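Participant: what follows is a predicted structure for the sequence shown.
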Amino acid sequence: MKRSMQQRAADKRSADVGSSSGVLTPHWREHQRIGLGYLAISLIAVALGAALSLLMRVHRVLPTLALPLLGVAKPEDYLAWVTMHGTLMVFFVLTVAPMSGFANLVLPEQLGSRTVALPLVNKLGLGITALALAVLLAAFFVPGGAPIGGWSAYPPLSVLPDAGPGQALGLDLWLLSLMIFCVGSTLSAVNTIVTVIRCRCEGMTYERMPMTAWSWLITSLLTVLAFSVLLAALIMLFCDRHLGTAFFVPSVEWVSGMVQQRHGDGSPLLWLHLFWFFGHPEVYIAILPGLGLTTMLLGNFTRRRIIGYRLMIGTTWLIGGLGLLVWGHHMFVAGLNPFAGTAFEVSTMAIALPSTAKVLNWLIILWRSRPQMRTPMLWALGLVSIFVTGGVTGPILAQPALDSYLHNTFFVVGHFHLIMAMAALFGIFAGVAYWFPLVTGRMLNERLGKWHFWWTLLFAYNTFLPMLLTGLAGEPRHYAQLDGIRGVAGALVRSTLPLERHITTSALLLAAGQMLWIWNVWKSWRGGERAGANPWLATTMEWAPVADEAVCYRGPCEYGLPIDAADNRSNPGFVDESDAPFLPQWAAEPVAE
């Protein structure tokens, strides 16, 4: 694709800033190879998880269709697809890629360091995570098949190996996989925390760290806390299944129409508390890195300093902290004390405040700006759109009275796929587009990148917004099919079939559009246009020329400031002129664009 004269001139100017040769010549360090390994794990997981989601979508509208190699799917097959899809996506895609993948690729360089603080721990974390994925996939091939308990595996059925297909060895492998994953994720998070604390270069104070570094730090702290609790819960459930303990086993159970006496005084409600204490912070483990990157990209491509930078750091801390206090809103229908329900309702509404502050800050950055609509910027704007759209449905589910109706409907599915899955995925695509030149020395094709963005945005909304409507109509979440039910309830469920067909068609088109991204990455990596030394005219340290001793002179995103006021934090103004100076963190003197 031909580039405009303005873009070629920008590349020439960036070459003068970043390298004497004027061309970005990446040299992969060990931690960057590990980051690529994490991204490879996520790529395998997302391919399998997306395939399972398409099987689910097709089965819901054509339940009697004989699938190649699979035949006509049974209800337990559908539930197994739900379980494995959720596990692959939540753990091995939305946790691994934004956190372990991108942090290893660029965090040390953003801090002015050549390496991570704990390289051996970092390698071990990658190996353990790969082992966890292998153990999980083995559940497809054992007698009984994959587990059918959903990604939350609620007791008491998950305690009983004979509760259904896949609940014996399949569920044991699921538990073992997640236990291994918890260990690997915790090691990766500890390495990130220590790297931020110990590996900052001279001049890189905490206030000068990019928002991406802050997001990875806070996400790592959440990971250590949340995954430690999940690991304990998984071990307790495994012991209940095989060692005769009764952490989650009540004294009497009703299973398959028969009362089964159990000598236990445990409670399934304990599992809900432990699991969702992990489960809600997991949302922010997935989304916070994307929010941090969005802030940096909006500043970069509008050539504006981040107004209220300390406020943005504070809102990230608040989102992480409040995220640990709201797990009970997943349990409004589980028989919580009404006073506890009120407390969780208030804390859930409170978490909307820092999120709103972030959105308002992004709008201030964009107000009357002239942004460069390059592919990374488009993904950042798309994340803002998806984050707001999914976020406004959160306060609805925060009300116990409304959640009692909507809890087990597709409204919840639409909500968390927008706010968690798609917003986090847009952040991943933004990171790939932005840091692709840093890793490969080549640029992604802009035309293919923009086609892919608009296709994904269109069909993401077409897929997940209608789920909110079917949920409001009362469509249940885990039904394998919508027809075959008699009476008024059957008529109610069947009434959503037209929208279900629309959702399935959109999901198939959404998945097909990702072929554009795969082709763009493959084609550009093998022979794309060579990148300039600083192709985005960025100010953060990962784009700095290689030096023996890196020095940070100022905060990130210093665009459009008077030369003598680069460090004057009391100056609230910004300049929008295209020829205004910009001040990279590594440069002692400002550089004119």
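Facilitator: Great, that's in hand.

Participant: mind listing what the residue nearest in space to the middle of the chain touches?
Facilitator: Of all residues in the chain, the one closest to the mean position by CA atoms, centre = their mean is residue 286, 3.0 Å from it. The contact partners of residue 286, taken as CB atoms under 8 Å, 6 or more residues apart in numbering, are 90, 94-95, 98, 420, 424. Backbone N, C-alpha and C define where each C-beta goes, glycine included.

Participant: what pLDDT is listed against it?
Facilitator: pLDDT for residue 286: 95.

Participant: so it is in which element?
Facilitator: Applying DSSP states H and E as the criterion places residue 286 in helix 268-302.

Participant: from residue 355, how far off is residue 310?
Facilitator: 17 Å (CB to CB, to the nearest Å).

Participant: neighbour count for those two, which is higher?
Facilitator: Taking other CB atoms under 10 Å, residue 310 and residue 355 do not tie; residue 355 has more neighbours (21 against 10).

Participant: would you tell me what the next helix or strand after the lowest-mean-pLDDT helix or strand in the chain is?
Facilitator: For the chain, using mean pLDDT, DSSP states H and E, the weakest element among its helices and strands is helix 5-18, scoring a mean of 41. For helix 5-18, the following helix or strand on the C-terminal side (DSSP H and E) is helix 30-61.

Participant: what is that following helix packed up against?
Facilitator: With contacts taken as 3 or more CB pairs under 8 Å, 6 or more residues apart in numbering; DSSP states H and E, helix 30-61 sits against helix 75-87, helix 102-110, helix 119-138, helix 423-440, helix 497-527.

Participant: including distance to residue 359, mean pLDDT and mean neighbour count, could those helices go into CSV?
Facilitator: Output for these, formatted as CSV (distance: least, CB to CB, whole Å; pLDDT from 0 to 100; neighbours: other CB atoms under 10 Å):
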stretch, distance to residue 359, mean pLDDT, mean neighbour count
helix 75-87, 28, 95, 21
helix 102-110, 22, 95, 27
helix 119-138, 33, 97, 19
helix 423-440, 12, 96, 24
helix 497-527, 25, 95, 16
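
Participant: could I get those helices as TSV with distance to residue 268?
Facilitator: As requested, the helices and strands packed on helix 30-61 are exported to TSV (distance: least, CB to CB, whole Å):
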stretch	distance to residue 268
helix 75-87	18
helix 102-110	36
helix 119-138	24
helix 423-440	30
helix 497-527	31
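
Participant: residue 42: which of the ones you listed is closest?
Facilitator: Smallest distance to residue 42 across the helices and strands packed on helix 30-61 (CB to CB): 8.0 Å, for helix 423-440.

Participant: one step back: any buried residues in the helix holding residue 286, and which?
Facilitator: Under the neighbour-count criterion of 16 or more other CB atoms under 10 Å, helix 268-302 has 268, 271-302 buried.

Participant: try stretch 464-475
Facilitator: By neighbour count on 16+ other CB under 10 Å, the buried set for stretch 464-475 is 464-472, 474-475.

Participant: quick one: residues in contact with stretch 314-321.
Facilitator: Residues outside stretch 314-321 that contact it (CB under 8 Å, 6+ apart) are 211, 214-215, 218-219, 221-222, 281, 284, 288, 291-292, 351, 353-355, 357-358, 361.

Participant: helices - which of the residues you listed land there?
Facilitator: With helices taken from DSSP state H, the overlap with the contacts of stretch 314-321 comprises 211, 214-215, 218-219, 221-222, 281, 284, 288, 291-292, 353-355, 357-358, 361.

Participant: how far does stretch 381-396 sit from its chain's centre?
Facilitator: Centre-to-centre, stretch 381-396 and its host chain are 14 Å apart (CA atoms, centre = their mean, to the nearest Å).

Participant: just the CA atoms of that stretch, as PDB, please.
Facilitator: Taking only C-alpha atoms (Å, rounded to 0.1, in the frame of the first residue of the first chain), the coordinates of stretch 381-396 have been written out as PDB:
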ATOM      1  CA  LEU A 381     -11.600   4.000  20.100                       C
ATOM      2  CA  GLY A 382     -13.400   0.700  19.600                       C
ATOM      3  CA  LEU A 383     -12.400  -0.400  23.100                       C
ATOM      4  CA  VAL A 384     -13.900   2.900  24.500                       C
ATOM      5  CA  SER A 385     -17.100   2.200  22.600                       C
ATOM      6  CA  ILE A 386     -17.400  -1.400  23.700                       C
ATOM      7  CA  PHE A 387     -16.400  -0.600  27.300                       C
ATOM      8  CA  VAL A 388     -19.100   2.100  27.600                       C
ATOM      9  CA  THR A 389     -21.800  -0.100  25.900                       C
ATOM     10  CA  GLY A 390     -21.100  -3.100  28.100                       C
ATOM     11  CA  GLY A 391     -20.500  -1.000  31.200                       C
ATOM     12  CA  VAL A 392     -24.000   0.700  31.200                       C
ATOM     13  CA  THR A 393     -25.500  -2.800  31.600                       C
ATOM     14  CA  GLY A 394     -23.500  -3.400  34.800                       C
ATOM     15  CA  PRO A 395     -25.600  -1.200  37.100                       C
ATOM     16  CA  ILE A 396     -28.700  -3.000  36.000                       C
END
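
Participant: report the mean per-residue pLDDT for it.
Facilitator: Across stretch 381-396, the average pLDDT comes to 94.

Participant: what residues does it touch?
Facilitator: For stretch 381-396, the external contacting residues (CB under 8 Å, 6+ apart) are 287, 290-291, 294, 348-349, 352, 355, 359, 362, 402, 406, 411, 414-420, 422-423, 426-427, 430, 453, 456-457, 460-461, 465, 468.

Participant: run the last query once more with 6 Å
Facilitator: 290, 294, 362, 402, 415, 418-419, 422-423, 426-427, 457 (CB atoms under 6 Å, 6 or more residues apart in numbering).

Participant: any buried residues in it, and which?
Facilitator: For stretch 381-396, the neighbour count (16+ other CB under 10 Å) marks 381-384, 386-391, 393-394 as buried.

Participant: among those residues, which ones are in helices?
Facilitator: Using DSSP H, 381-384, 386-391, 394 are the members of those that sit in helices.

Participant: how about CSV for the residues you listed, with distance to residue 521 added?
Facilitator: Listed next are these as CSV, based on distance: CB to CB, whole Å:
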residue, distance to residue 521
381, 21
382, 18
383, 19
384, 24
386, 22
387, 25
388, 28
389, 27
390, 26
391, 30
394, 33
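
Participant: ok, the closest residue to residue 124 other than its chain neighbours - contacts?
Facilitator: Of all residues not flanking residue 124 in the chain, residue 187 sits nearest, at 5.8 Å (CB to CB, 6 or more residues apart in numbering). Going by CB under 6 Å, 6+ apart, residue 187 touches 121, 124-125.

Participant: now do residue 375
Facilitator: So residue 375 contacts 433, 446, 449 (CB under 6 Å, 6+ apart).

Participant: same thing but at 8 Å, please
Facilitator: Residues in contact with residue 375, defined by CB under 8 Å, 6+ apart, are 433, 444, 446, 449-450, 453.

Participant: mind checking which of these are buried?
Facilitator: Neighbour-count burial (16+ other CB under 10 Å) is assigned, among the contacts of residue 375, to 433, 444, 446, 449, 453.
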